[in-house]
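Engineer: I need the structure of the sequence given here:
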Amino acid sequence: MTVDLIAEIEGDFADLPDAAQLQTWATAAVEKSGEWEVFLRVVDREESQQLNHDYRGKDKPTNVLSFPFDLPPGMTAEMMGEEKMPLGDLVICAPVVAEEAGEQGKSLHAHWAHLVIHGILHLQGYDHILDHEAEVMENREIGILAALGFSDPYA
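Structural biologist: So this is what the prediction gives:
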């Protein structure tokens, strides 16, 4: 299994993780076999709020949005003819991430790692709407982060 993370940064943000860090965190969270591609867009509050409103009906910026890739009806991966299949897109709001890290007493680096992993898990079908789903997803996040040397983000 491999994953290529393609990042696009829309704005001038301080203290962003570098491409190698983002790649490491994304790779650690991918469980599906095969070769995958993830597009990550780092945005400001305004763009995050607009996307959150348009896709989730919530009129406020959010830390991470995940948009899983689904093959069109009747298509197969073989028909795509791509070396790497799209896993989906992530949109992370840098100002919200920085604000949350400060409020939660976490390092910015650790919070970025958590949100990249959280988003990648969403792209693979994990969710946290129901309590039992949240428990499964959070335990998976905790395990991946621990393997990368980060503490429990929910502690």
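Engineer: Quote the end-to-end distance of stretch 35-49.
Structural biologist: End-to-end distance of stretch 35-49 (C-alpha to C-alpha, to the nearest Å): 32 Å.
Engineer: now it, how far from the chain's geometric center?
Structural biologist: Centroid separation for stretch 35-49 versus its chain: 8 Å, with C-alpha atoms, centre = their mean, to the nearest Å.
Engineer: With stretch 16-34 instead?
Structural biologist: 9 Å.
Engineer: same question, stretch 4-20
Structural biologist: Worked out by C-alpha atoms, centre = their mean, stretch 4-20 lies 13 Å from the chain centre.
Engineer: buried sites along it?
Structural biologist: 5, 7, 16, 17 (16 or more other C-beta atoms under 10 Å). (C-beta placed from N, C-alpha, C; glycine too.)
Engineer: So what pairs up with the first one in the strands?
Structural biologist: Translated: residue 5. Going by DSSP bridges, residue 5 is paired in beta bridges with residue 38.
Engineer: isn't it right up against residue 24?
Structural biologist: No. If you go by C-beta atoms under 8 Å, residue 5 and residue 24 don't touch, sitting 9.2 Å apart.
Engineer: for the closest residue to residue 47 other than its chain neighbours, what are its contacts?
Structural biologist: What sits nearest to residue 47 in space, not counting adjacent residues and going by C-beta to C-beta, 6 or more residues apart in numbering, is residue 10, at 6.6 Å. Shown in contact with residue 10 (C-beta atoms under 8 Å, 6 or more residues apart in numbering): 41, 42, 43, 44, 47.
Engineer: Go ahead and flag the most central residue of this structure.
Structural biologist: Most central in the chain under C-alpha atoms, centre = their mean is residue 119, positioned 2.5 Å from the mean C-alpha point.
Engineer: where do the strands sit along the protein?
Structural biologist: 2-9, 35-43, 64-68, 85-93 (DSSP state E).
Engineer: would CSV of the ones you listed with distance to residue 110 and mean pLDDT be doable?
Structural biologist: CSV is the format used below for the strands of the chain (distance: least, C-beta to C-beta, whole Å; pLDDT from 0 to 100):
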stretch, distance to residue 110, mean pLDDT
strand 2-9, 18, 89
strand 35-43, 17, 94
strand 64-68, 15, 97
strand 85-93, 14, 94
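Engineer: where does this protein have low pLDDT?
Structural biologist: 1, 76-82 (pLDDT under 70).
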